[in-house]
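A.B. asks: sequence and predicted structure below; questions after.
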Amino acid sequence: MSDPSRAATDQRWCEKVTVSFSNTGGTAVRSGTVTFGTHIIGALGIDWATIGSSETLPAPIAAGAKKSGTWTVCVDAWRVPLGMRIETRDVSVRWK
């Protein structure tokens, strides 16, 4: 899987996250879960918290194929006061 590519939205507590997946195995991936770790960053750059969320993997992914997915990842608005921002840095995947 690739590193996450992030894009801002019109709400400071949300961002669009794109990740590409490559199936290097010999069989198709039929399903799975993508888990995001979204960091809440203060005005001085301090990482205050990491909030997890999960989405469905864009499956199926054929053997040897690549597929991308884009998700709008949000945290509760009250967690991101004015002057703070979010960064979805951590991505993990569970293949099935």
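C.D. replies: Everything's here; your move. Residues are numbered from 1 along each chain as shown.

A.B. asks: CA only for contacts and neighbour counts going forward, please
C.D. replies: Noted.

A.B. asks: can you tell me the helix or strand for the residue nearest the centre of the chain?
C.D. replies: Geometric centre of the chain, nearest residue: Phe36, 4.1 Å, by Cα atoms, centre = their mean. Using DSSP states H and E, Phe36 falls within strand 32-41.

A.B. asks: after that strand comes which helix or strand?
C.D. replies: Using DSSP H and E, the helix or strand that follows strand 32-41 in sequence is strand 47-56.

A.B. asks: what about the closest residue to the residue nearest to the centre of the chain other than its chain neighbours, neighbour count?
C.D. replies: The spatially closest residue to Phe36, leaving aside those adjacent along the chain, is Val91, at 4.7 Å (Cα to Cα, 6 or more residues apart in numbering). Applying other Cα atoms under 10 Å, we find 19 residues neighbouring Val91.

A.B. asks: and Glu55, by the same measure?
C.D. replies: 14.

A.B. asks: just to revisit the earlier point, residues contacting the residue nearest to the centre of the chain?
C.D. replies: Applying Cα atoms under 8 Å, 6 or more residues apart in numbering to Phe36 gives the contacts 52-54, 73, 88-92.

A.B. asks: Trp48 versus the residue nearest to Gly52 when sequence neighbours are not counted, what's the distance?
C.D. replies: Spatially, and ignoring its direct neighbours in sequence, Gly52 is nearest to Gly37 (4.7 Å; Cα to Cα, 6+ apart). Distance, Gly37 to Trp48, by Cα to Cα, to the nearest Å: 13 Å.

A.B. asks: who's more crowded, those two?
C.D. replies: Neighbours per residue, other Cα under 10 Å: of Gly37 and Trp48, the larger number sits with Gly37, 18 against 11.

A.B. asks: so how far is Ser54 from the more buried one?
C.D. replies: From Gly37 to Ser54 the distance is 9 Å (Cα to Cα).

A.B. asks: cool, Thr33 as well?
C.D. replies: 7 Å.

A.B. asks: with Pro60 instead?
C.D. replies: Distance from Pro60 to Ser54, counting by Cα to Cα: 17 Å.

A.B. asks: so the residue nearest to the centre of the chain bridges to which residues?
C.D. replies: Beta-bridge pairing for Phe36 (DSSP bridges): Ser53, Val91.
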